[in-house]
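Undergrad: Sequence first, then the predicted structure:
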There are 2 protein chains.
Amino acid sequence: MSDRFLVVGGDAAGMSAAGKAKRDDPDREVVVFERGDWVSYGACGLPYYVKGEIADVSDLVVVEPRKLVEERGIDLRRQQEVVGIDPDRRTVTVEYDGERYEEAYDDLLLATGGRAALPDAPGTDLDGVFAVRNLEAGRALRSYVLHEDGGETATVPAVESEYGAAFRAHISEDDTEVVAVVGANKIGLEMAEAFVARGFEVHVFEAGPHVLPVFGPDVAGVVADHLRERGVTLHLDTTVERLDGEEGRVAAVETNDERTAVDAVLSDVGVEPDTELAASAGLELGANDAVRTDEFGRTDADRVYAAGDCAETRHLLTGERVHWPYALAANRAGRAVGRTVAGTPTPTGGIVGTNVMKAFDREVSRTGLDDEQAREAGFDPVSTTITTITRAHYYPGWSRIVVHATADADSGRLLGASMVGAEGAAHRINSVAAALHARLTVREVGSLDFGYAPPFGPVWDPVLLAAKALGEKME
Amino acid sequence: MSDRFLVVGGDAAGMSAAGKAKRDDPDREVVVFERGDWVSYGACGLPYYVKGEIADVSDLVVVEPRKLVEERGIDLRRQQEVVGIDPDRRTVTVEYDGERYEEAYDDLLLATGGRAALPDAPGTDLDGVFAVRNLEAGRALRSYVLHEDGGETATVPAVESEYGAAFRAHISEDDTEVVAVVGANKIGLEMAEAFVARGFEVHVFEAGPHVLPVFGPDVAGVVADHLRERGVTLHLDTTVERLDGEEGRVAAVETNDERTAVDAVLSDVGVEPDTELAASAGLELGANDAVRTDEFGRTDADRVYAAGDCAETRHLLTGERVHWPYALAANRAGRAVGRTVAGTPTPTGGIVGTNVMKAFDREVSRTGLDDEQAREAGFDPVSTTITTITRAHYYPGWSRIVVHATADADSGRLLGASMVGAEGAAHRINSVAAALHARLTVREVGSLDFGYAPPFGPVWDPVLLAAKALGEKME
């Protein structure tokens, strides 16, 4: 019998690992345990499903891994939950349909993912309070706010059978008119767009001084103006102290100085690694309580790996271990572990902190370190913010784009950037990300040979212009 | 009296140099000689002016340099042509209104630009044959093909007074129905789009086996299909042997095996450096007969610089001197010379060969070396072409994007890429350009932390996917 590679969790990291291991070593026995119904689902698409741009939640599922399972012979076991690990005996305990059984492994990957955090306030257990990290939760949210009853929603499982995610499915007969978003992060703002598109009144509560904390104040200010233009009410510097209910359903958000009547609440106050299984097996935890891993995704237990939203990764600019729950990093880390267990040791890769999103009609992006992060990491940050245009000044349809860039005054290295604009901010950030990986200086970035054509930018691309401005400031 | 910095030519390189020198050294006397009427015009916008998306040719002119001239006190002398240089005496001879006078310089910049080449065939002197490199030529072309007479066109100057550009202005009273584009390069295809938008029948003649020679066959094939869908007739592997005229006006394009009746011809067979002045002063010429320059833009004459489309630059991947007539490179080189003459020696920067364009509804881009260029430069090229999607598979509006990537099998370094798609190909190429500057390997490119959000790409960005596929091929 060949070595057995067991994978716990069938989303981004888990399926990437299983697929890669099977591809590189077709004779390898690969088993994936998925406690839910879906594998390789695109949870990032849930806001657009709630918005109505995607008709059915099953459209989010990636087709290729299912084909992979069928064609390549991965042993996919749905509705089967791994509830225990014995690293000494190299076995896992699996719960299936009320029964338990053991399976032996030679290599084991924990890809248990993350779960949406809830505000630290009473009332989060009320009906109508959602924190969305998987398809079932997304479906429950849409059903609740749109009063879709029966049909799809009949299959919404009870919360306790799910990843520990904190949604509470409930089909209402009342009109839902006001939705609160707690936490002005990426998913929260994407959901705000969806709720506005559905005709709801939307209130966003953010404890910090601006929306999108990791995107920096200059870019966040432009986004905030745009959100307000689209009718979103922002409550900044505002901590939610209590969710108030009536007959078990959420009815109001209470802060230190106001009470807002609401019909539903969507929480996006952060993603926590789901490490119950790892912790119960005695594995070491690290940053943000994610599973501690080395550069190959190895935990402190022999031949036990962790990858994706449940595990640590490395920040390439600071050298520190971080918890960075993003789809690409999860896919990449999973794939690397698959390659490693198939015989080619492969680092899981690090991150520089790239993040992009759409907020209504604005593209918003960031990468690297902002001024504060740079200072904390021991750099001497200097930064600038420029406003320029997205196309040649004479080309129809140009609009403004704002770029904030941060550098290290000592070394001259570029450390990070953030951008916002009606177009061109999402893809442009990748050129900065590449420059950060390569540790280019501001002067080097300013000298990059970027493309120019009138429909796509001014002669000096916004990234180059920002580097030029920052370079002049540093002279 | 302060040092005098004389600049010959008031477009991208010249005005960038003048502006930067004046900014860094406000007391410096800076004189710009421009033989035409316009400075800092955006010749790259001419196709969109011909198409009708830009109403007036003066809209193309960049406003800032005019303000700079007025506010900073650059001595701009329009309609004044420098016709001679005496490097020993450090003087130039200027022709103005039929008279000649001398001016002394301490530093001199030649920024005389380039001119559009004409096909090497009889008949290019016929009326209705255009090669567009400046605003007057663009205006003449539009007037000709649209039969706009009087008004704007009355100001079209005779050809001989212009940069040596080879257009022949002529106002016709007949219907213009068929336009031939000779040379399927960037401007030619942009003009083809404009002509189709104007309702003309368009024939493109290209001597090579595919359109857009520098973009490689895979990307070019996708562009060719799109051009044909939009009604453009392509004549590939077809050399124009003669332009046939009737009563002095072009009437037909003749190739080795066919004759196509046409009403106008637009040539885009290349850009030649305009070096008559440099050559007459005995300056050394180099690649493509452009003015030979060192890394600071210095010619072989003391304190005489050259920058922009008339001068050489360096290809950073091959180390060779090249002629690369592009707006960004010209701006950058001019700015560097301005900084240098103001006291801070600054390299003019090199290029990696980035080029982007819009062809109807396709974004087309390339950077670095293609397979053939890589082989010529002594690399051992290995390449692959992938097709993927521009947004998450479930996000509305996704379309296909084709990426061709080339690497060096020996070192593993990425050497170049080209792309085509309905969206996302223009800005994505800049991330590759940054990677090329930093000499990243294919493996390193595949591990870059790029952004992901469903509206802007799949989890594995097309650039990452291409690097992954190429990496697997190289294993």
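TA: Okay, I see it.
Undergrad: Kindly check the end-to-end length of stretch A:370-389 for me.
TA: With CA to CA, to the nearest Å as the measure, stretch A:370-389 spans 23 Å from end to end.
Undergrad: Please see if that stretch touches chain B.
TA: No. Using CB under 8 Å from any CB of the partner chain, stretch A:370-389 stays clear of chain B, coming no nearer than 11.5 Å. In short, each C-beta sits where N, CA and C put it, glycine included.
Undergrad: That stretch: how far from the chain's middle?
TA: 23 Å (CA atoms, centre = their mean, to the nearest Å).
Undergrad: So what touches it?
TA: By CB atoms under 8 Å, 6 or more residues apart in numbering or on different chains, the residues outside stretch A:370-389 that reach it are A:214-216, A:218, A:317-318, A:320, A:369, A:398-410, A:415-416, A:418, A:458, A:460, A:462, A:465-466, A:469-470, A:473-474.
Undergrad: same thing but at 7 Å, please
TA: A:216, A:218, A:318, A:369, A:398, A:400-410, A:415-416, A:458, A:462, A:465-466, A:469-470, A:473-474 (CB atoms under 7 Å, 6 or more residues apart in numbering or on different chains).
Undergrad: same question, stretch A:9-18
TA: By CB under 7 Å, 6+ apart, stretch A:9-18 touches A:7-8, A:30, A:32, A:34, A:39-41, A:65, A:74, A:76, A:109, A:111-113, A:307-308, A:327, A:330-331, A:333-335, A:337-338.
Undergrad: What about the contacts of stretch A:370-389, which are in helices?
TA: Among those, DSSP state H puts A:Asp218, A:Pro462, A:Leu465, A:Ala466, A:Ala469, A:Leu470, A:Lys473, A:Met474 in helices.
Undergrad: from the contacts of stretch A:9-18, which are also near chain B?
TA: A:Ala327, A:Asn331 (CB under 7 Å from any CB of the partner chain).
Undergrad: Looking at the contacts of stretch A:9-18, which are in strands?
TA: Using DSSP state E, the members of the contacts of stretch A:9-18 that fall within strands are A:Val7, A:Val8, A:Val30, A:Val32, A:Glu34, A:Leu76, A:Leu109.
Undergrad: Closest one of those residues to A:Gly297?
TA: The nearest member of the ones in strands among the contacts of stretch A:9-18 to A:Gly297, counting by CB to CB, is A:Leu109 at 7.8 Å.
Undergrad: That closest one: how many residues sit nearby?
TA: 34 (other CB atoms under 10 Å in any protein chain shown).
Undergrad: And A:Phe33, by the same measure?
TA: So A:Phe33, with other CB under 10 Å, has 26 neighbours.
Undergrad: same question, A:Asp56
TA: When neighbours are counted by other CB under 10 Å, A:Asp56 comes out with 11.
Undergrad: Now do the phi/psi pair for it.
TA: Note on A:Asp56: its backbone torsions stand at phi -120, psi 140 [degrees, to the nearest 10].
Undergrad: Check the ones in strands among the contacts of stretch A:9-18 and tell me the two furthest apart.
TA: A:Leu76 and A:Leu109 (14.0 Å).
Undergrad: Buried by neighbour count, from the ones in helices among the contacts of stretch A:370-389: which ones?
TA: For the ones in helices among the contacts of stretch A:370-389, a burial check counting by 16 or more other CB atoms under 10 Å in any protein chain shown picks out A:Asp218, A:Pro462, A:Leu465, A:Ala466, A:Ala469, A:Leu470.
Undergrad: okay, among those, which ones form the most distant pair?
TA: A:Asp218 and A:Leu465 (15.0 Å).
Undergrad: Closest to chain B out of the buried ones among the ones in helices among the contacts of stretch A:370-389?
TA: A:Pro462 (10.1 Å; CB to the nearest CB).
Undergrad: my guess is that closest one meets A:His404, correct?
TA: No. Using CB atoms under 7 Å, A:Pro462 makes no contact with A:His404, being 11.0 Å away.
Undergrad: Which parts of the stretch 301-450 of chain A are strands?
TA: A:304-306, A:313-314, A:321-322, A:355-359, A:362-368, A:381-389, A:400-408, A:414-421 (DSSP state E, counting those that start in this stretch).
Undergrad: got these as TSV, with distance to B:Glu102, mean pLDDT and mean neighbour count columns?
TA: Formatted as TSV, the strands of the stretch 301-450 of chain A follow (distance: least, CB to CB, whole Å; pLDDT from 0 to 100; neighbours: other CB atoms under 10 Å in any protein chain shown):
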stretch	distance to B:Glu102	mean pLDDT	mean neighbour count
strand A:304-306	77	98	29
strand A:313-314	65	97	24
strand A:321-322	66	96	18
strand A:355-359	58	97	24
strand A:362-368	54	98	27
strand A:381-389	41	98	18
strand A:400-408	46	98	25
strand A:414-421	47	98	29
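Undergrad: so which of those strands gets nearest A:Thr260?
TA: Closest among the strands of the stretch 301-450 of chain A, once you apply CB to CB, is strand A:355-359, at 21.2 Å.
Undergrad: got the contact list for A:Gly45?
TA: A:Ile54, A:Leu60, B:Ala392, B:Tyr394, B:Tyr395, B:Pro454.
Undergrad: how about it, secondary structure?
TA: helix (DSSP: H, G, I helix; E, B strand; the rest coil).
Undergrad: Once you drop chain neighbours, what's closest to it?
TA: Closest residue to A:Gly45 apart from its sequence neighbours, by CB to CB, 6 or more residues apart in numbering or on different chains: A:Leu60 at 4.6 Å.
Undergrad: ok, that neighbour to A:His147 distance?
TA: 22 Å (CB to CB, to the nearest Å).
Undergrad: what about those two, which has more around it?
TA: Taking other CB under 10 Å, A:Leu60 and A:His147 do not tie; A:Leu60 has more neighbours (24 against 13).
Undergrad: wait, what's in contact with that one?
TA: So A:Leu60 contacts A:Tyr41, A:Gly42, A:Gly45, A:Tyr49, A:Ile54, A:Leu135, B:Tyr394 (CB under 7 Å, 6+ apart).
Undergrad: quick revisit: got the strands of the stretch 301-450 of chain A as JSON lines, with distance to B:Ser143 columns?
TA: Output for these, formatted as JSON lines (distance: least, CB to CB, whole Å):
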{"stretch": "strand A:304-306", "distance to B:Ser143": "69"}
{"stretch": "strand A:313-314", "distance to B:Ser143": "61"}
{"stretch": "strand A:321-322", "distance to B:Ser143": "61"}
{"stretch": "strand A:355-359", "distance to B:Ser143": "43"}
{"stretch": "strand A:362-368", "distance to B:Ser143": "39"}
{"stretch": "strand A:381-389", "distance to B:Ser143": "29"}
{"stretch": "strand A:400-408", "distance to B:Ser143": "34"}
{"stretch": "strand A:414-421", "distance to B:Ser143": "36"}
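Undergrad: Next, work out how far apart the most centrally placed residue in chain A and chain B are.
TA: The residue lying closest to the centre of chain A (CA atoms, centre = their mean) is A:Tyr326, at 4.1 Å. A:Tyr326 sits 7 Å away from chain B, going by CB to the nearest CB, to the nearest Å.
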